[in-house]
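> Below is the structure, and that's it, no one-letter string:
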């Protein structure tokens, strides 16, 4: 399923998840630098929300994750994680999914990174969405004290 269809399935209490309205291209975010070898079904092992990377930019975290032999989570993997473990999203401890990026027609990457966090119900989110799981974006070189960089030890083919 595409990210835009998975996001509303997330729940936090009675609140359904949503995609921020200015991310209409969310389904175009694709694996970047990660080979899935055409696998249709695989398991992600050794998941980590990436709290130690809170206040690190995605660029900084990717260098460290690669050095450790870990792989950044894809957007769809992050969504599936929240669907299976809704409690993984804690206020002030949420995560970015830097394994998926949007490639521009020029071949360069869009500077946005998909992230999953809890809405404060402000601005365009609307008061009714306060405390709902949110699929939004952050900038590639920005740091956030409350957003980790989610990663995995690896992926295992099962199909």
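Good, I have the coordinates. Nothing here was measured: the structure is a model prediction, and the numbers come from that model. Numbering: from 1, shown residues only.
> what residues does stretch 43-61 touch?
64, 70, 72-73, 77, 81, 88, 93-96, 98, 113, 138, 140-156, 158 (C-beta atoms under 8 Å, 6 or more residues apart in numbering). C-beta coordinates here come from the backbone N, C-alpha and C atoms, glycine included.
> What segments of this protein are strands?
11-12, 15-16, 18-19, 30-31, 42-45, 71-72, 94-96, 100-101, 112-118, 133-139, 147-149, 151-152, 154-157 (DSSP state E).
> And the helices in the chain?
Assigned by DSSP state H, the chain shows helices spanning 3-6, 58-67, 75-84.
> For residue 126, which of those helices is the nearest?
Closest to residue 126 of those is helix 3-6 (C-beta to C-beta; 18.1 Å).
> Tell me the buried residues in that closest one?
Buried residues in helix 3-6, defined by neighbour count with 16 or more other C-beta atoms under 10 Å: 3, 6.
> same deal with stretch 53-71?
By neighbour count on 16+ other C-beta under 10 Å, the buried set for stretch 53-71 is 53, 54, 56, 57, 58, 61, 62, 65, 70, 71.
> Now the two most distant members of the residues you listed.
Spanning the widest gap among these are 54 and 71, at 19.2 Å by C-beta to C-beta.
> chain center to stretch 15-32, what's the gap?
10 Å (C-alpha atoms, centre = their mean, to the nearest Å).
> who touches that stretch?
2-4, 7-11, 74-75, 82, 99-103, 109, 112, 114, 119, 124-125, 129-137.
> which among those end up buried?
Counted by 16+ other C-beta under 10 Å, the contacts of stretch 15-32 give 3, 7, 10, 74-75, 82, 99-102, 112, 114, 119, 125, 129, 132-137 as buried.
> low-confidence ranges in the chain?
By pLDDT under 70, the weakly predicted segments of the chain are 37-39, 159.
> Grab the most central residue of it for me.
With distances taken as C-alpha atoms, centre = their mean, residue 97 lies nearest the centre of the chain, 3.0 Å away.
> mind listing what it touches?
72, 73, 74, 75, 77, 78, 113, 114, 115, 116, 150.
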